[in-house]
Structure formats: C-alpha cells, structure tokens
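A.B. asks: Next comes the sequence, and after it the predicted model I'd like to discuss.
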Amino acid sequence: MTVRGVVSEVGEPKTVSTRYGDRELLELSLRPDGGRGDPVTVTLWPKWTELAEWIDPGMDLLVTDPEEEEWNGETRYSTSKESFVVVEPSYLVNVTDVRAWVQCPRMYYLGNLTATPLNYPVVKGTLVHEVFGDLLRGRDLDEAIEDHVADAGLELGLLGRTADEVAGDVRENARAVENWLSQGALGQEDDWRSERTLIGERFGLKGRADAIRRGVPVELKTGKNLKKEPRFQDKVQAACYALLLGEYGDEGRTTGVAADGGETTAATEPSESESDDGPTYPDTGTLLYTKNSVLDRHEETGDLSPAKDFTIGRGFLQYVVRQRNQIAATAVRGDVPTGYESGAKCEYCFEQDTCMVVAGRLDEESKAGQIGTPVPEEEREYLRETFAAIEEERRSVHREYAKLWEQTAEERADDDRALIDLEPLGQHQREDGRWELRAKGTDAVSKIREGDVVLASDGHPTRGVAELARVVELGRSSAEQRSAETSTGERSDPGDIVVTTDEPVDLRRLDVYPSEFTVDRMLTTVHDAVLKGSQDRKDVLFGRRDPAFDESRAAGETFIDNNAAQDEAVRLAVTAEDCTIVQGPPGTGKTYTLARTVRELVDRGERVLLSAFTNRAVDNALEALVDQGHDDIVRVGTESGVRDDMLRFRLSKRGDPDERVAELNGASVVAATTASCGSRIVQSLDFDTAVVDEAGQLTEPGTLAAVNLADRFVLVGDHQQLPPVVRSENELSQSLFQRLIEEYPDASVLLDRQYRMSQRIQWFSSQEFYDGQLRPAGPDVAGRRLDDLPGVSEDALPPELANPVSFVDPSGHREGNTNPVEADRVREVVQSYLDAGLAPDDVGVIAPFRAQVSEIQRRAPEGVAVDTVDRFQGSDKEVIVLSTVATGDLDGPIFEDHRRMNVALTRAKRGLCLVGDERALSSEPFYGRLLEWAR
Ligand SMILES: Nc1ncnc2c1ncn2[C@@H]1O[C@H](COP(=O)(O)OP(=O)(O)OP(=O)(O)O)[C@@H](O)[C@H]1O
C-alpha cells in the first residue's frame, strides 16, 4: 500500500516519549488525488523527519507501506520500519547524480553545469565499459578491443594517442573483467546480462546499470580501490540500481529484503508492477575496480582483488532514497547547493578549484570558498532565469517519461509516441555481440524515425522487459507501400522493422524515448557562454555595446549583383567584428546567400562552422555551397542523419587516429547540426565564424552551442516563421535571433525579394508579417500562373478554384483533431488540380494536426505530399491546399501562433486553396483578414 498526495502543511519536528524512549517525529498534511482530495495526516518517524528541511507545501509526496490508524474518526498514516518516503516521485533523478550528491552536493551541481571536455580518462573509461559489455555478450576480448579502439579513432587522434597504446591500456583493465567472469562461470549456474536501462516510477530514479548478475547490480569502475569494501559513493550507486531492480521485480530474485503489503486506499496510486508480495530488492551489490588488476602485488598493499561485494540492507536503501529526495527537492525549489548540506571535506576534493571559481564568479555561497570577482549582475540574472527555464523544460521531459506508465499502449499509439502490437519475427546475435531484433512492419504512423534511439519492449516500456534500441529499418510507410502496390498491381510486403539492442527482447512494442540530453546540453552551453565567453562577445550579448563593423574590409566590392539585400547581407557578414543577423522571409534566397557568405569567408582565409537546427537544413546549405563550387567540407553527423548525396563529406570517427584528425582539421568548412555542435569532438574545435541557419527556430542555448565556438557569428533565419521547439512556455521560446534582430537593427538585413510566390499569393504574408516590404524578385515571379506549367490548363479547374488564391467551405465538423468531411473535400480539391493537369508531386496538403494529416493521407491520391506545417518548412509546391480543421471557433494553441500560418501560406508558388469553416475563421481578426484575402 502507498499514500500519495500534495503536501499542504509541514509541521515542526518534535520529540515525543515512546516505549522505546524519546523519538523525533514530523507531522504533515497531504491532499491525495494530486491535491484535490481531503487532507490526510501523515506522521514521519526518525530517518524521515529530516524532510522538514527539504519539503514545502505544494510538493508531491509518496509514502510506501504506511501504518494506518483510526483517530477520532479520521484515518491517519505514519511511516513503518519498511516505509520509503519519496519527494516528488515524478522528478526522475539520475543515479549518477545521487552518487555525486553523496560525495558533495556541489559536485552534483558542478557536474551538471560544466561539460566534461574531451580527455583521455573519460574516453578510456568508455572503452573499458564497451569492452565489458561485449565480454558479457560473449565476444572475444581482442576482437572487442580492436573494434572499439578503432571506433574511437577520431577522439584518440584529437588527444594525441596511438591505437596500440590505448589498446594496451584497455586490455590491462579488461583483464579484471575477464578473470571475474571466468570465476563466476565455474561452479554454480551463472546468469547475467549487460547494460540495462532502468526507469523507476516509484522512487523517481533512472539510470543505466552496467550489468546484472544473478539479480545483483554490478558496477564497473576504471579506478583502483585497495580497501576491502567498495567506495561509499559506489555503493550508493549500486543501491540505486537495487531499488530500481526491485521495482521492476523480474530481476530481484535473490534472497530479498522484506516486502511491502497488500491493498490500496483511496489515497493510493496502484502500481501494476507490484506482485502481491510487493517488490523484493537485491540484498547485495558488486563493484568491479578494473585498475586493481593492473597493480603490482609487490608494490601495493591492501586488497587487490578487483571484485568487491557488499550487503544492501533496508536501512541503506532508505538512506539512498533520502539522498535522492534532497536532489529532487533542491531541483524543484531551484536552489543552488552550498556544500554545507553534507559533511564533505573540501581539502581532499579534486573539484575544489572549479568549485571556488564558479562560486566566485557567480557569487554563490560555497563551503570551499570563492575565488575571483563576480560577473556583472545582469549576467548572473540571465543565468538564473535561463536555468529556471531549462529546469522547467526538464520537468516537461519528465512528464513525457511519466506517460510511459500513465498512458495505455493505445493512448501512446494515438499520440504517435509508440508502435504497438508488433509481431516479432525473430532475433539474432550480430558479430559484434549486439542483437538484431525484427518485427513485422506496420501501417501505423508514429514520430519514430530510422536512426532514433527508442525503447523496445515485449509489451510495456517500463514494466516489461525493455531495452534501449536503435532503429535500423522501419519498414515502409503506408504511402510508400501503396505506391508500390499500384505500380506492381500486387499487395506488397510492408517490410520489416529492424532494431539493434544490447540484449534480446521479444519485439512487440517501440516507444519514443524521452531524452534529457538537449536539456543537459543547454545548461552547460549557457554556463560556457557566461563563464568562458570573451568579454567582447558578452558586451554584445548583454546589450552593453552595439556590434561593430569594419567597412574597409569590403570597400567597393559587390558580392551578389542582382539582389541588393543579399549583397548587403554578405557585406555585413564579411565586415562584422561581432555578428550579423540575416532575416530571410520565404523564398528570398536565404540558402543561396548563406552559401555565398560562407564561400566569401573561406576565400578570405577563415575557418567556418556551418550549422543549423536540422540535418535537412545543414545538407541544403552544403548543397548550395557545392553548387557554388566549394567542396572543402567535413560533415559531422550520423549515417542515418546525413542525406545520401552528402555522405561523401561525412567524417568517419572510426579509423587511424592521425588520419581522422587530419581529415577534420584539413577542411575549411565543418558542417553539423547545432545538437552535434555540443558533442565533445566539435566542442574541442574553434572557428573564425559560425554561420547558423534556421536560427529563428533555435532556443538561445541551442544557438550558443554553435556560436560559442567562433570569434564571430552570422545568424540566418526568420522569426516570423516557426519558433523554437520547446515543450514549456517560457524564455526559451524566444530565439537569440529574434532578441538580437530587435536589439540591433543596424547589424541586420531583411532579404526582401522573393523567388517563389506569385504576386497574389505573397501579398497577405507581406502585409501581415513583413510590413509590406516583401516583393517578388521580378515580373516573371510576380506573374506566375498555373497555365505556365506544361500540360496544365486553368480553364479545366472548377470555378471555385479558378483564382490563384481560393477559399472552400465544406460545412464539416471538427471531431477532436480531425474533420473528416473537410478531409473528403480536400481530396476533391486535390483531384481537381490533378484533373487540370498538375502532377501529384506538384501538389501539397498541409493540416494543423497529425490526426487530420492521417485522415487526409488515407484519402489523398498517391504521390501527393500531406503533412503538418513543421514538416513543410523549407520546401515548396506549385499548389498548396490548406486544411484548417477548426469549426465554430478557433480553439487551441496551434491557431494562436500566426507564424505557422505564415509558413503554410508561403509554401505555394502558383495556387493556394484554403479549406475551412467560414464562421471559425471569422471569429478572429487575423483569420478574418486571411478569409477576406482568400475570397
Ligand atoms: N540572387 C539570386 N538570383 C537568382 N536566383 C536566386 C537568387 N537568390 C536566390 N535565388 C533562387 O531562388 C530560389 C530560392 O532560394 P533559396 O532556396 O536560397 O531560398 P530560401 O530563402 O532558402 O528558401 P526557404 O524559404 O525555403 O528557406 C532558388 O531557386 C535560388 O536559386
């Protein structure tokens, strides 16, 4: 049984005398049902009373195995010996953070704030872990070492190491693992598995255990330890995995610690994973210190055996949960740890200097003290606000995790977040020891794409057997399949779904894996910008100085002779001392100008980082650059991320260290998404100029990831098109692009001639979003007509589509996020265009919701692209048909942001048809004007 609720009152700890002597207690009031229920009183007994310092009203609290008693007709609860009290169970603390926190809370804080730079111990540690996993999966030691060292070629090259030297180091460490494994194999039956991702809904913990042997968590450490017992923080880490394994149930099959009891009360969240006896936690853990096997027995004294077991009692598990609670409470409060929370001794800490410098520069209280003078108050204020916004974003990611167990499989599938009811087709172990799992392809749509890391499970992503998996093949989408069927006249096979994992799973379900990766990166990027950024750069970022330009660098030069605004954009970029902002409305030659700029900078001897939010934009920019004759390029990215025709520039990380580094350092242009700019490899580089495309879609931290690496930067984008992709509504939804263009109009330029839309089509966008400044680049563009296309006759169109911009009201009804009647009408409209001679490929359909997209896809003639606005950004069609879905009113956030509509309308070159409900559209002035125009 558990009690869960929102804390409404926290008492003061008090001492009472009991038959066991004086004892401390703390009384709380909880409101069950997420704060809606009537308050219940919960008494916390010693061990848990320290929570008085950590919890505030409004926090969510869970108590397992409480004692229940009736008191004056009221049911009260108190903690029992078995109880765990969990603060904010939905805040998923990383196990490695608990480990850092018990060493020192500032260690945890600094670890999250500062990115680990590329260094040899980290790379070696990763290699040893990889080889360890391979050994557990039965792979040959030498083969595993050779393979992983080759994979790390680029990193090793950047660190100036040779492959042989590193292979030797890894082999020495791996010996400990080999010996340990062979001991276990003798005698009793062994049962183990490598890495396991564990996400715990009860304790608010998540992490990846290195291995599990006979139900016991095993952690690998590449350091040495000559004591009999494992290091304290290592035990804490293993105990966290023990908690998680207990929660999962299936692995905790050793003699266990006592269980928790039976039924559920009104205040309870039942958990399906519990068996009748409740969770059983593994009662031991193993630490494997690989460096011990490298030591010489004659020189070292102490316990040289690498493997050290320890006992995990209920008391230790409770201690670990208390530490986890402190982290959750600190994070939810937005506090910065001081180090006084624990008894850590700063003298022995190898992080002492960093700790003092960060405390000094940010004027934080720290047990270690402070060094240096604080950065200006506005910078600290900026950090505080940005950190708070990032933490809010983290909570949104945690809510995504919670959906893994709160939503049913069907709900996840409806949300496009899972492919369910898959039919497993088998599994086989690959040469590298990993597993390849296969299931039958499906027609269902989801957000899952090839190359993604997802959760593969036998039915439930957290309660069943689940593994992190990489998607290799997704079968074919229903549209592709249909077109194959029409061309062959036979029902075609949808193709298999193929994923790879560390351990085999019966592949019945795939779930989107909500990663905190972006959030983690944002923290370190913002920290780097403020604490490591140059004074010059920060003066501009924080509004203390206008960006400077040295006009003599381009005196009398023309870069683009047929477009003054584009020419000005290149001029600004090459004369900039700090930054340039280029706003490119739809079809204005943003990509062309960007490529011209990069080429000019390179011609002047600069090294350029070319970045963008999406892989697609990076590859488009590269294509334009190649078209302009420049191909001295290195493309950083995964094989599945990089477009096929750009793979020839892709930097392989595998191979001889020196060769890899030579390839990377040799190129004048390095191209990568802003997400890849945060990788250790790209972070170790520096550039003269960073050119960032799609900057209007990037958060400030996202943009800084690229910008931090260069002396100057050029941002290209349009803040009147799609905004940054964030889950929460806060500061992060404004891009650096928008902030700077508003602050420094003199450092910016608007590309005002567009090469896409006819005069009639572009008018509305120009008026509404660009003060009427956007114009067709010439009469040929302005006068574009469908009739100009070979084989197309405007006369063949029905009267309601005769104009280049038209409106059709199908009198449909919105049902959730669909409007089936409207979808039917959209199909008719599309068919009319095809009948008039347009090729399917020339027509695109845009709808605001995925559900309506699928509704239309089911009806649309083959070859016609149907998608949401976000997926259409950056592309165009001769004709666009827009389904607006809404009827009656325009309810929903998607209609509030008019910029999406700007993107949708400006995809069309010669024809645009708006399909929607007149009444709904007239209900809001912006859409009213749109309607007027369309009619
Ligand atoms: N100065 C120019 N002279 C002639 N053609 C140009 C010029 N600039 C751009 N174009 C052409 O205009 C078209 C649109 O250019 P580009 O793809 O660079 O636009 P964009 O602004 O990046 O588009 P989007 O809004 O989709 O991002 C391309 O066909 C390009 O060749």
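C.D. replies: In hand now; what should we look at?
A.B. asks: helix, strand or coil for the closest residue to the ligand within the stretch 1-150 of the chain?
C.D. replies: As assessed by Cβ to the nearest ligand atom, the ligand sits closest to residue 115 within the stretch 1-150 of the chain, at 31.4 Å. Just so you know, the C-beta spots here come from the backbone N, C-alpha and C atoms, and that holds for glycine as well. Secondary structure assignment for residue 115 (DSSP: H, G, I helix; E, B strand; the rest coil): coil.
A.B. asks: For residue 890, give me its contacts.
C.D. replies: 920-921, 923-924, 927 (Cβ atoms under 8 Å, 6 or more residues apart in numbering).
A.B. asks: Where does the prediction get shaky in the stretch 101-250 of the chain?
C.D. replies: The model of the stretch 101-250 of the chain has pLDDT under 70 over residues 184-190, 250.
A.B. asks: which stretches of it form helices?
C.D. replies: 105-113, 120-136, 141-151, 153-158, 163-185, 232-248 (DSSP state H, counting those that start in this stretch).
A.B. asks: export the ones you listed to CSV and tack on distance to residue 667?
C.D. replies: Converted to CSV, those look like this (distance: least, Cβ to Cβ, whole Å):
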stretch, distance to residue 667
helix 105-113, 32
helix 120-136, 23
helix 141-151, 21
helix 153-158, 13
helix 163-185, 23
helix 232-248, 41
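A.B. asks: Verify the stated contact: residue 606 with residue 691.
C.D. replies: No - contact criterion Cβ atoms under 8 Å: residue 606 and residue 691 do not qualify, at 10.2 Å.
A.B. asks: which of these two has more neighbours?
C.D. replies: residue 691 (29 against 18; other Cβ atoms under 10 Å).
A.B. asks: so residue 558, which of the three states?
C.D. replies: Here residue 558 is coil, with the state taken from three-state DSSP.
A.B. asks: I'd like the helices of the stretch 101-250 of the chain as CSV, with distance to the ligand and mean neighbour count appended.
C.D. replies: Output for the helices of the stretch 101-250 of the chain, formatted as CSV (distance: least, Cβ to the nearest ligand atom, whole Å; neighbours: other Cβ atoms under 10 Å):
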stretch, distance to the ligand, mean neighbour count
helix 105-113, 36, 23
helix 120-136, 38, 20
helix 141-151, 36, 18
helix 153-158, 31, 23
helix 163-185, 43, 17
helix 232-248, 46, 24
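A.B. asks: Which of these sits closest to residue 764?
C.D. replies: helix 105-113 (46.2 Å; Cβ to Cβ).
A.B. asks: other SSEs contacting the closest one?
C.D. replies: helix 95-103, helix 314-333, helix 352-362, helix 517-531 (3 or more Cβ pairs under 8 Å, 6 or more residues apart in numbering; DSSP states H and E).
A.B. asks: ok, the residue lying closest to residue 916 once chain neighbours are set aside to residue 808 distance?
C.D. replies: Excluding its sequence neighbours, the residue lying closest to residue 916 (Cβ to Cβ, 6 or more residues apart in numbering) is residue 884, at 3.4 Å. Distance, residue 884 to residue 808, by Cβ to Cβ, to the nearest Å: 11 Å.
A.B. asks: quick one, which of those two is more surrounded?
C.D. replies: Neighbour count, other Cβ under 10 Å: between residue 884 and residue 808, residue 884 has more, with 25 against 19.
A.B. asks: pretty sure the residue nearest to residue 916 is touching residue 919, no?
C.D. replies: No - using Cβ under 8 Å, residue 884 is not in contact with residue 919, being 11.7 Å away.
A.B. asks: what kind of secondary structure is residue 459 in?
C.D. replies: coil.
A.B. asks: List the contacts of the nearest residue to residue 440 once chain neighbours are set aside.
C.D. replies: Leaving aside its sequence neighbours, residue 440 sits nearest to residue 423 (Cβ to Cβ, 6+ apart; 4.3 Å). The contact partners of residue 423, taken as Cβ under 8 Å, 6+ apart, are 439-440, 508.
A.B. asks: Name only those of those residues that count as buried.
C.D. replies: 439, 508 (16 or more other Cβ atoms under 10 Å).
A.B. asks: Dump the contacts of residue 423 to JSON lines, plus secondary structure.
C.D. replies: JSON lines is the format used below for those (three-state DSSP):
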{"residue": "439", "secondary structure": "strand"}
{"residue": "440", "secondary structure": "strand"}
{"residue": "508", "secondary structure": "coil"}
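A.B. asks: Output the contacts of residue 423 as CSV; include the columns distance to residue 198.
C.D. replies: CSV is the format used below for the contacts of residue 423 (distance: Cβ to Cβ, whole Å):
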residue, distance to residue 198
439, 23
440, 29
508, 20
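A.B. asks: And stretch 765-774, what's buried?
C.D. replies: 765-766, 768-770, 774.
A.B. asks: tell me the two of these that are most distant?
C.D. replies: 768 and 774 (10.2 Å).
A.B. asks: how about low-confidence regions in this structure?
C.D. replies: Residues of the chain that meet the cut-off, pLDDT under 70, sit at 184-190, 250-278, 476-494.
A.B. asks: Near the ligand, which residues of it are found?
C.D. replies: Residues of the chain lying near the ligand by Cβ under 6 Å from any ligand atom: 560, 562-563, 566, 584, 586-592, 755, 874.
A.B. asks: Which among those count as buried?
C.D. replies: Neighbour-count burial (16+ other Cβ under 10 Å) is assigned, among the residues of the chain next to the ligand, to 560, 563, 566, 584, 586-592, 755, 874.
A.B. asks: quick one: the helices in the stretch 801-935 of the chain?
C.D. replies: 820-835, 850-859, 869-872, 893-896, 898-905, 918-922, 925-934.
A.B. asks: Next, format these as a markdown table and append mean neighbour count.
C.D. replies: A markdown table is the format used below for those (neighbours: other Cβ atoms under 10 Å):
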| stretch | mean neighbour count |
| --- | --- |
| helix 820-835 | 20 |
| helix 850-859 | 21 |
| helix 869-872 | 17 |
| helix 893-896 | 14 |
| helix 898-905 | 21 |
| helix 918-922 | 17 |
| helix 925-934 | 16 |
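A.B. asks: Understood, closing this out.
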